[in-house]
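In: Here's my sequence, what's the structure:
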Amino acid sequence: MAPLRALARQVEGGTGDIVTAAVIDHPPASSVEGTPVSSLESEVLRIQRLIGAKDFAAALEASARLAATAPDNRDVLYFMAVAQRYLGHIPDSLDTLARLEKRHPGFSRAYQERGHCCLAAGNPGAAIEAYLAAVNINVALPASWKALELLFGSAGRAEEAKMAADHVAKLASLPQVVVTARSLFADGDIGMAERIIREYLIAHPNDIEAMRLLAQIGMRLDVYDDAEFLLESVLVFAPDYHLARHDYIEVLLKRHKSLKALEEAQKLLKVDPDNRSYRTIYAGACVSLGAYDRALAAYQDLLAATPRAPGIHLSIAHVLKTLGRQQDAIDSYRAATKAAPGYGDAYWSLANLKTYRFTDEEIACMRREEARDGATLVNRYHLSFALGKAYEDRADYAQSFRYYELGNALKKSELRFRLEPIERNARVQKAICTPEFLAARRGYGCARADPIFIVGLPRSGSTLLEQILASHSQVEGTMELADIPRLVHGLQGRHYEESRPRYPALLAGLSAEQCARLGEKYLADTRIYRTVKPFFIDKMPNNFRHIGLIQLILPNAKIIDARREPMACCFSNFKQLFASGQEFTYGIEDIARYYRLYVDLMDHWDRVTPGRILRVQHEEVVEDLEGNVRRILDFCGLDFEPACLEFYRTERSVRTASSEQVRQPIFKEGLDHWRHFEPWLGPLRSALGSLAPGADATAVGG
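Out: Here you go, the predicted model:
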């Protein structure tokens, strides 16, 4: 035991651990100046100061008292465990850490503290395991790396000791404030990390590590334009900073700049063609660009080296699904679940095929994994949505709704969605885009008529319309293109003020030349997704919020409004877990408000641009396919082709949730399927108001 006690003293003495690293380097959120302090936070601060003063007995007494009223508070449990360890109460500290890890499984310092306890208890193997768990979550933990360096060295594991020593040296070379902010970021204290690193960058504007960290914070907060700008700046200062280039590619993919992302990924592969991270992000760029065969080959090469990697199985399955190889996709999804039984994304992906039916064993496994202590939030909501679909397919609608409701609540808990900015945007659009405004700008924009925009809400039948049109010899089916939203981002500018947004108010100031240039840019940027066909489809549903811009820059483009009965559409969105975006769908009230906003705004476009938009009601397409197909083709100026009626025979990649459904003939059974859930949909009906079936036909307020 003596050598281990000496190691423990080295760990603490060499890093100034826990008193310094835990208490000073990782302060609770309330310790940042300007942050409102509640009575709970004030007491946590007092406990923190007691530990800093090495008054561990008083810290333990105070934290135990506070834990009685705040049993799930992360910092209270953490400081209690620290105090218990310093008082020599190792079993008590480990029990407290077990509670902490159960409630906050992503908190790296809980595992670091467990490592300290295991080291003090004379269990070096468990200590190594705990420290590795800590640094896998949070690379900016000098104490854990120093402990690993010493433990690996003591065990004769020279290569691993050197790896840990390199991390110690790297962290020591960085400014302490950058290390602190990175550690906070890794443990989820994003607001605090952002404030600290922004303040640091004011005094040190060219610090590339700080710039990269702020970019990563921006990515976590979905502020991708700022993140892109920061990472571009980092690469100007340090073009060989490959980790920053990897981050840059991730941002480009988030911003749907697929070709640029592919070019940057190829740069990384030239440097290190065997690097798995580089090969993986290259494959992701191929997917984003629609180069599915190249992506599939890249993923399969990766799988050959690691045949039990669940994420690679999942990525392969997604590509196979997009290519219409359903059974192969199912096999790959199931391989992912076998490799990782709690991998919620794989189960949801099976459910999201809409045609897959789960076995009793799979349902039992999903239920067990969703309820398991330590299951991550992401896995839990994926599993909940999958279970909702599984029980829906078995006509157990009460159980199904319970899981859909749980999945939505879990997903909503990680979002910061607010509908008010979108509602304000719609009001400004209506105020600016009057008949007089548009008449005065007749002749603006690019005159090309290539695009066919399909707008509306998700789950409204838009994929069916896309498949019908893409079955025509003159029309290219692409995907939900992000080019209009990207133009909006560019017009909005990097410095966004929610109370005074530049867009859409700036539409009034666009010149004829600017509008033409924007239209030409849209066509140039989307060229990568097309072949030689004269027309192409842009199926981004939320483009209904930007019809004013589309009217100004592409006045001859066709616009189709894919409309679905309100209750069916809204509930279908509630059942859907989207890969990204569509954050309005995770609450009944938000879904209903968004649907009302959509109807109101489309009514406005009908009034100010009569005949410009074709409304296609999903239920009518199902009842009279040929009549509606002819109507759509006439609107688009296309001759009738029988292939459009046999759309399910058209071989093309489809990336939306309806991909398997549009590969089958139309069936009517699903039109009123939502009525099975009607006993639980009273709040949705009430929130829809006059739009709900059977309600008085009063005007929808704007």
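
In: got the buried residues for stretch 107-117?
Out: Using 16 or more other Cβ atoms under 10 Å as the test for burial, stretch 107-117 gives 107-117. Where C-beta positions appear, they are placed from N, C-alpha and C, glycine not excepted.

In: I should have written stretch 134-149 there, sorry.
Out: Across stretch 134-149, burial judged by 16+ other Cβ under 10 Å covers 134-135, 137-149.

In: what stretches of the stretch 601-702 of the chain score poorly on pLDDT?
Out: The model of the stretch 601-702 of the chain has pLDDT under 70 over residues 651-670, 695-702.

In: Okay, helices next: where are they in it?
Out: Ranges of helices in the stretch 601-702 of the chain, per DSSP state H, counting those that start in this stretch, are 618-623, 625-635, 682-688.

In: Of all those helices, which one is nearest Ala371?
Out: Among the helices of the stretch 601-702 of the chain, the nearest to Ala371 by Cβ to Cβ is helix 682-688 (26.1 Å).

In: which parts of that closest one are buried?
Out: 684-685, 687-688.

In: what's the most distant pair in those?
Out: Greatest spacing in these, by Cβ to Cβ: Arg685 and Ala687 (7.4 Å).

In: for the residue nearest the centre of the chain, phi and psi?
Out: Here the mean C-alpha position of the chain is nearest to the C-alpha of Ser580 (Cα atoms, centre = their mean), at a distance of 4.5 Å. The phi/psi pair for Ser580 (degrees, to the nearest 10) reads phi -160, psi 160.

In: Would you quantify the distance from it to Ile197?
Out: Distance, Ser580 to Ile197, by Cβ to Cβ, to the nearest Å: 25 Å.

In: all strands of the stretch 251-400 of the chain, in order?
Out: Read by DSSP state E, counting those that start in this stretch, the stretch 251-400 of the chain holds no strands at all.

In: cool, and the stretch 451-600 of the chain?
Out: Taking DSSP E, counting those that start in this stretch as the test, the strands found in the stretch 451-600 of the chain are 451-456, 475-479, 535-538, 558-563.

In: tell me the most buried of these?
Out: Of all these, strand 451-456 carries the top mean neighbour count, a mean of 25, counting by mean count of other Cβ atoms under 10 Å.

In: can you pull the contacts of Pro341?
Out: Counting by Cβ atoms under 8 Å, 6 or more residues apart in numbering, Pro341 touches 365, 369.

In: Model confidence score at it, please.
Out: On the pLDDT scale, Pro341 is placed at 94.

In: please renumber so the chain begins at 855
Out: Noted, 855 is the first residue going forward, which turns the last one into Pro1195.

In: and it, how far is that from Asp1526?
Out: Distance, Pro1195 to Asp1526, using Cβ to Cβ: 36 Å.

In: do Ser1186 as well
Out: 34 Å.

In: now do Cys1490
Out: Counting by Cβ to Cβ - Cys1490 and Asp1526 are separated by 30 Å.

In: between those two, which one's more packed in?
Out: It is Cys1490, of Cys1490 and Asp1526, that has more neighbours when counted by other Cβ atoms under 10 Å, with 18 against 14.

In: Next one: that one relative to Ile1308, how far apart?
Out: Here the criterion is Cβ to Cβ. By it, Cys1490 lies 11 Å from Ile1308.

In: cool, Asp929 as well?
Out: Asp929 is 49 Å from Ile1308, by Cβ to Cβ.

In: Show me where the stretch 855-1004 of the chain has its strands.
Out: Counting by DSSP E, counting those that start in this stretch, the stretch 855-1004 of the chain has no strands at all.

In: one step back: make CSV from the helices of the stretch 1455-1556 of the chain and add distance to Gln1430 to it.
Out: Listed next are the helices of the stretch 1455-1556 of the chain as CSV, based on distance: least, Cβ to Cβ, whole Å:
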stretch, distance to Gln1430
helix 1472-1477, 15
helix 1479-1489, 24
helix 1536-1542, 14
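
In: show me what contacts Asp1526?
Out: Residues near Asp1526 by Cβ under 8 Å, 6+ apart: Ala1422.

In: quick one: low-confidence parts of the chain?
Out: 855-892, 1348-1353, 1505-1524, 1549-1556.

In: Can you give me the domain assignment for it?
Out: Per automatic domain parsing, the domain ranges recorded for the chain read 856-1027, 1055-1211, 1212-1268, 1274-1545.

In: check contacts around Ala1012.
Out: Counted by Cβ under 8 Å, 6+ apart, Ala1012 has contacts Phe1006.

In: Can you get me a residue count around Ala987?
Out: 19.

In: From what I see, it and Tyr965 are in contact.
Out: Yes. Ala987 lies in contact with Tyr965 (Cβ atoms under 8 Å); the separation is 4.1 Å.

In: shared neighbours, Cys1490 and Ile1308?
Out: When contacts are counted by Cβ under 8 Å, 6+ apart, the set common to Cys1490 and Ile1308 consists of Leu1323.

In: Quick one, which of the domains of the chain gets closest to Arg1036.
Out: Arg1036 sits nearest to domain 856-1027 of all the domains of the chain, at 4.0 Å, using Cβ to Cβ.

In: Show the contacting residues for Ala994.
Out: Per Cβ under 8 Å, 6+ apart, neighbours of Ala994: 1025, 1033-1034, 1036-1037, 1040.

In: Would you mind measuring from it to Gly1045?
Out: Note on Ala994: its distance to Gly1045, by Cβ to Cβ, is 17 Å.

In: Let me have the buried residues of stretch 961-971 in CSV, extended by distance to Ala1240.
Out: Formatted as CSV, the buried residues of stretch 961-971 follow (distance: Cβ to Cβ, whole Å):
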residue, distance to Ala1240
Phe961, 27
Ser962, 29
Arg963, 33
Ala964, 29
Tyr965, 29
Gln966, 34
Glu967, 35
Arg968, 32
Gly969, 35
His970, 39
Cys971, 37
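
In: what about the helices in the stretch 1255-1404 of the chain?
Out: With DSSP H, counting those that start in this stretch, the ranges of helices along the stretch 1255-1404 of the chain come out as 1274-1286, 1289-1294, 1316-1324, 1337-1346, 1366-1380, 1401-1407.

In: re earlier: for Pro978, find the nearest of the strands of the stretch 1305-1454 of the chain.
Out: Evaluated with Cβ to Cβ, these place strand 1329-1333 nearest to Pro978, the distance being 52.5 Å.
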